[in-house]
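Q: Build me a structure from this.
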Amino acid sequence: MNKRMLVLENGRYFLGNGFGAKGTRIAELVFNTSMVGYQEIISDPAYRNCMLVMSYPLIGNYGLTDDDFESKAVHISGMIVREYNDSPSNFRFTRTLQEVLRDNDAPGIEGIDTREIVRIVRSEGSMRAMITDAGRDIDECVKEIKAYSLVSHSVKEVSSKSVWYARTRKPQYTVGIIDCGVRSTMIRKLKNNSCNAVVFPYDTSKEEILTHNPQGLFISDGPDTPEAVRDIENLIKEFKGKIPIMGIGLGAHLIAYAYGAKIQKMKFGHNGANQPVRNIITGEIEITSQNHIHVIDKDSLEGTGLTLTHVNLIDGTCEGIIDEANSVIAMQYHPAEDGMGYLFEKFISFMKKFGGRKNAKENRY
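A: Prediction:
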């Protein structure tokens, strides 16, 4: 392994060993506290153009398998780990993490105290970082980092380029997905709950969507801020009350925007598989997987028609919203893999209320 260097925007730097692709990369630094799931994380489009720090100390030990990708590409700009293992012991593995990062032009660095980096980000807030060759002048690196312009329209990079279909046996509903960076898990959950999916590019018009006659509309998660994809906000306004709508992550933010609520950037975001969330309607608590740097301002929900349904037990921030009257629901975190869960149960009940496939040809628009 070649000697590499991690330089933070605040001037701190760390020396380590390189793996994955070569070259210099600059991106926003994001940490994730998950113990497992690095394959799903690096292939999650919501991490597009992010420099990923894994706080769990051993990464790469079970390799990667073809069946577990959340998309067809690796979306991170770089990866920072404490200890990288290049000899996976999982019988399912087909490739090593280093091979996948190298093929997707993403550099990695190991031998770094990732816990210290997490503490820095938690204390000082999100910042940019650079992975580069060891020995470079630190002041010059910091100047380059501060002068670097972050990508402002990542949804365009990760969204589908054309309409495509994901079908299931004996479907009861057809759901249109506005692809801002949809994960394979979400499509699988729709199929497991008797839903055919029609996946649309993020900039698809209302008229094009209606030609496929969906009984529900799903606004997916993605890597951007709501301001970057305001056309989807207008699409939500046009469909509100005429078709059930569900949103996750960025999709939740866009729904909140469409109702007039406000979005705030968090100091360092929620990233990991250990965030406790309370359903304030049922009182149940769920340990959730999350990846969002922005949050819906719950104080701005008053008078919008949206009701708060879920709160984060660590910092009290908004995690879920609903508009029962217009059959609109959204969450900021990833719903559990198994079963329906609150989000899908409500969304499917909304589609059932609207008549499902038996009334699919009725013109409600």
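Q: Could you use CA atoms for every contact and neighbour count after this?
A: OK.
Q: the domain parsing of this structure - what is it?
A: 3-151, 155-359 (automatic domain parsing).
Q: looking at those, which has the lowest confidence?
A: Lowest mean pLDDT of those: domain 155-359, a mean of 91.
Q: Let's have the domains of the chain in a markdown table, adding mean neighbour count.
A: Shown next, in a markdown table, are the domains of the chain (neighbours: other CA atoms under 10 Å):
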| stretch | mean neighbour count |
| --- | --- |
| domain 3-151 | 19 |
| domain 155-359 | 19 |
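Q: so T185 sits right up against S71, yeah?
A: No - T185 is beyond contact range of S71, at 9.3 Å (criterion: CA atoms under 8 Å).
Q: which residues of the stretch 101-250 of the chain fall in helices?
A: Remark: helices assigned in the stretch 101-250 of the chain by DSSP state H, counting those that start in this stretch are 114-124, 138-147, 154-158, 184-192, 206-210, 230-239, 250-258.
Q: and what of the stretch 251-365 of the chain?
A: Counting by DSSP H, counting those that start in this stretch, the helices of the stretch 251-365 of the chain are 341-353.
Q: Please measure how far the first residue of stretch 187-202 sits from its last one.
A: Using CA to CA, to the nearest Å, one end of stretch 187-202 lies 16 Å from the other.
Q: Off-centre distance for that stretch?
A: Averaging C-alpha positions (CA atoms, centre = their mean, to the nearest Å) puts stretch 187-202 17 Å from its chain's average.
Q: Can you tell me what sits against it?
A: Here stretch 187-202 makes contact (CA atoms under 8 Å, 6 or more residues apart in numbering) with 155-156, 159-180, 209, 212, 232, 337, 340.
Q: And for stretch 323-330?
A: With contact meaning CA under 8 Å, 6+ apart, stretch 323-330 is reached by 240-248, 251-252, 255, 305-307, 320-322, 343, 346-347, 350.
Q: May I have the beta-bridge partners of A129?
A: Beta bridges link A129 to L8, A27, judged by DSSP bridges.
Q: With distance to G269 as extra columns, can I get the helices of the stretch 101-250 of the chain in CSV?
A: Formatted as CSV, the helices of the stretch 101-250 of the chain follow (distance: least, CA to CA, whole Å):
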stretch, distance to G269
helix 114-124, 9
helix 138-147, 21
helix 154-158, 18
helix 184-192, 22
helix 206-210, 32
helix 230-239, 22
helix 250-258, 13
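Q: out of these, nearest to I314?
A: helix 114-124 (13.7 Å; CA to CA).
Q: Can you tell me which helices and strands that closest one packs against?
A: Using 3 or more CA pairs under 8 Å, 6 or more residues apart in numbering; DSSP states H and E, the elements in contact with helix 114-124 are strand 50-54, strand 263-279.
Q: Output these in JSON lines; the columns should cover distance to G11.
A: Formatted as JSON lines, these follow (distance: least, CA to CA, whole Å):
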{"stretch": "strand 50-54", "distance to G11": "16"}
{"stretch": "strand 263-279", "distance to G11": "18"}
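Q: nearest to V36, of those?
A: It's strand 263-279; of the helices and strands packed on helix 114-124, that one is closest to V36 (CA to CA) at 8.7 Å.
Q: What pairs with that closest one, parallel or antiparallel?
A: Partners of strand 263-279, by DSSP bridges, with direction: strand 285-296 (antiparallel), strand 307-312 (antiparallel).
Q: so which of the helices of the stretch 101-250 of the chain comes closest to L97?
A: helix 114-124 (17.9 Å).
Q: For G18, which residues are in contact?
A: Counting by CA under 8 Å, 6+ apart, G18 touches 1-4, 107-110.
Q: before we move on, what SS does it have?
A: strand (DSSP: H, G, I helix; E, B strand; the rest coil).
Q: related to what we said a few turns ago, CSV for the contacts of G18, including distance to L190?
A: Shown next, in CSV, are the contacts of G18 (distance: CA to CA, whole Å):
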residue, distance to L190
M1, 43
N2, 44
K3, 45
R4, 43
P107, 34
G108, 34
I109, 37
E110, 38
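Q: These in strands, which ones?
A: With strands taken from DSSP state E, the overlap with the contacts of G18 comprises 3-4, 107-110.
Q: Return the closest of those residues with respect to L58.
A: E110 (9.8 Å).
Q: Which residue, neighbours along the chain excluded, lies closest to that closest one?
A: V81 (4.8 Å; CA to CA, 6 or more residues apart in numbering).
Q: The one you found contacts R115, doesn't it?
A: No - assessed by CA under 8 Å, V81 is found out of contact with R115, at 9.7 Å.
Q: so what sits against both of those two?
A: Common neighbours of V81 and R115, counting by CA under 8 Å, 6+ apart, are S55.
Q: Please flag which of the contacts of stretch 187-202 sit within strands.
A: Those of the contacts of stretch 187-202 lying in strands (DSSP E): 164-166, 173-179.
Q: chain center to stretch 62-77: distance?
A: Centroid separation for stretch 62-77 versus its chain: 14 Å, with CA atoms, centre = their mean.
Q: likewise stretch 97-112?
A: 20 Å.
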